[in-house]
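> One predicted model, sequence on top.
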Amino acid sequence: MIGVIDREDDAARFGARLQMVRRSDLHRVLADAARAAGVRVEFGRTLTAIDRSTDASVTAHFADGSHEQGDILIGADGIRSDTRRLVLPDAPEPEWSGLFDCGGITDTATVGFPAGVNVMVFGRRAFFGAFRTPDGQVWWFQNCGQKPADHVLRDPLALRAHAASLHHGDPSWIRHVIESTGRIVGPFPLHDILFMPRWHDGRVCLAGDAAHATTPSSGQGASLALEDAMVLAQCLRDARSPELAFEAFERARRQRVQTIVRQSRRAGNTKAVPNRALEWVRDRLLPIFLRLGAAAQERQYAYRIDWTHRFA
């Protein structure tokens with residue numbers, strides 16, 4: 001064991017303990033809340049053009065020939081944002097981190113650690129992380145630097161066998177977790193956007209991964225997007241115009257999100273499997289990096305948005 005980060009006192013220090021949430025559950029809760037608030041939610045419409053020919057409105061055009069007009073347009077459409085491509089065509093492209101990510105959920109694996117604990121393993125050929133839920137499920141992910149061959153990707157059984165094979169020589173429970181998983185999701189290349197000079201133009205503004213995509217190594221991507229939504233709402237509430245609101249939003253958020261994106265990139269770099277000499281050095285430096293990482297996590301978790309703060 002290289003090190004432990006103890007988060008037992010998080011509830012007392014930050015008001016709540018670290019919560020692991022499946023993305024599908026988060027999507028459902030947010031969609032239900034939006035509908036309950038009277039927000040119209042539609043799917044299957046592809047953005048193709050944005051008309052900003054007037055000073056008082058913006059119009060989004062879609063591939064099916066339909067359009068929507070409003071006072072502003074918020075592009076919260078992810079790392080491959082069509083909004084960003086249309087409004088900020090010179091913005092930097094997402095960069096590949098050097099890692100591929102896959103994962104899954106199993107109900108049948110037996111692991112030797114309690115519920116609520118995250119276990120991270122620097123394997124010989126791949127990085128592996130697992131979390132055990134109170135009801136006995138194990139959620140896991142794997143990072144590696146090479147994409148499997150196409151014939152492996154086409155065969156779910158071959159993909160599972162390949163993922164397990166990357167952990168020969170690592171703790172045997174890892175292979176047990178992978179082999180007991182019915183369906184593996186991925187692998188997907190992991191990208192981020194280290195820096196984008198502008199997040200807005202006129203009455204159009206980006207938020208979340210569209211503006212500052214981070215890799216999953218930080219565990220902060222969804223949190224940053226939720227924070228963006230609240231701060232952007234504050235700025236629109238207080239500013240005299242959408243343009244001033246978007247400027248205030250970018251000033252308020254840029255330092256925090258860029259710090260986390262950089263930290264996540266550095267954390268991901270340690271997961272790439274080095275040669276044996278570098279592995280020896282890494283394992284001896286990691287206890288120091290873990291302490292630094294724990295301090296960085298504390299700063300992340302201590303962040304609070306003051307809704308009473310005025311931006312104008």
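Arrived safely.
> all strands for the protein, in order.
Ranges of strands in the chain, per DSSP state E, are 47-51, 58-62, 67-70, 73-75, 95-106, 118-122, 127-132, 138-144, 185-192, 200-201, 204-206.
> Now mean neighbour count and mean pLDDT too, for the ones you listed, in CSV please.
For every residue, glycine as well, the C-beta is placed using N, CA and C. Supplementary listing: the strands of the chain in CSV, determined by neighbours: other Cβ atoms under 10 Å; pLDDT from 0 to 100:
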stretch, mean neighbour count, mean pLDDT
strand 47-51, 15, 97
strand 58-62, 17, 97
strand 67-70, 12, 96
strand 73-75, 23, 98
strand 95-106, 19, 95
strand 118-122, 16, 89
strand 127-132, 22, 94
strand 138-144, 23, 95
strand 185-192, 18, 95
strand 200-201, 19, 96
strand 204-206, 26, 98
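> what's the closest of those to residue 309?
Residue 309 lies closest to strand 204-206 among the strands of the chain, at 19.1 Å (Cβ to Cβ).
> confidence score at the residue lying farthest from the centre of the chain?
Centroid-distance maximum for the chain: residue 54 at 35.2 Å, with Cα atoms, centre = their mean. pLDDT for residue 54: 85.
> Next: residue 274.
Looking at residue 274, its pLDDT stands at 63.
> okay, and for the stretch 201-312 of the chain, where does confidence drop off?
Residue ranges of the stretch 201-312 of the chain with pLDDT under 70: 273-285, 287-296.
> how about the helices of it, start to end?
209-212, 221-238, 242-269, 276-302 (DSSP state H, counting those that start in this stretch).
> Among the ones you listed, which comes closest to residue 75?
Nearest to residue 75, of the helices of the stretch 201-312 of the chain and by Cβ to Cβ, is helix 209-212 at 5.0 Å.
> Please name the residues that touch the spatially most central residue of the chain.
In the chain, the C-alpha nearest the mean C-alpha coordinate belongs to residue 221, at 3.1 Å (Cα atoms, centre = their mean). Contact analysis of residue 221 by Cβ atoms under 8 Å, 6 or more residues apart in numbering lists 208, 209, 213, 214.
> In terms of pLDDT, where does the closest residue to the third one other than its chain neighbours sit?
The reference is to residue 213. Nearest non-adjacent residue to residue 213, counting by Cβ to Cβ, 6 or more residues apart in numbering: residue 79, 4.1 Å away. Looking at residue 79, its pLDDT is 97.
> With respect to residue 253, which of the contacts of residue 221 is nearest?
Relative to residue 253, and with distances defined as Cβ to Cβ, the nearest of the contacts of residue 221 is residue 208, at 10.5 Å.
> Enumerate every residue touching the closest residue in space to that closest one that isn't next to it in sequence.
Nearest residue to residue 208, sequence neighbours excluded (Cβ to Cβ, 6+ apart): residue 225, at 3.5 Å. Residue 225 makes contacts with 76, 207, 208, 209, as judged by Cβ under 8 Å, 6+ apart.
> between the helices of the stretch 201-312 of the chain, which gets nearest to residue 87?
helix 209-212 (10.1 Å).
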